[in-house]
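**Q** Below: sequence and its predicted model.
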Amino acid sequence: MGKTHVVHPAVISLMAELILDESLRKFQEERLYQKIDTALENKDQTTFLKLTSELKRLKSFRTS
């Protein structure tokens, strides 16, 4: 006979929050890459530096 596993609602909520956070981070990262590409195309060094700094900060949260 197989066992049925019951998952506590708090665990499900935490898992959902982690998935949502990761999805949001990926969306923000993709958006930053697009903006960085545009800054490069426009030879806009100020915006490029600002956006790459923001991207580094976003990526540092993932590794912390």
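**A** On my side now, so go ahead.

**Q** just the helices in the chain please.
**A** 9-41, 45-63 (DSSP state H).

**Q** Now do the shortest one: which elements does it pack against?
**A** Read it as helix 45-63. helix 9-41 (3 or more Cβ pairs under 8 Å, 6 or more residues apart in numbering; DSSP states H and E). Backbone N, C-alpha and C define where each C-beta goes, glycine included.

**Q** Turn the helices of the chain into TSV, including distance to residue 3 and mean pLDDT.
**A** What follows is the helices of the chain, written out as TSV (distance: least, Cβ to Cβ, whole Å; pLDDT from 0 to 100):
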stretch	distance to residue 3	mean pLDDT
helix 9-41	17	96
helix 45-63	35	92
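
**Q** and these as a markdown table, adding mean neighbour count?
**A** What follows is these, written out as a markdown table (neighbours: other Cβ atoms under 10 Å):
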| stretch | mean neighbour count |
| --- | --- |
| helix 9-41 | 12 |
| helix 45-63 | 12 |
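
**Q** Could you pull up the residues touching the closest residue to residue 33 other than its chain neighbours?
**A** Closest residue in space to residue 33, ignoring its immediate chain neighbours: residue 55 at 7.4 Å, by Cβ to Cβ, 6 or more residues apart in numbering. Neighbouring residues of residue 55 by Cβ atoms under 8 Å, 6 or more residues apart in numbering: 29, 32-33, 36.
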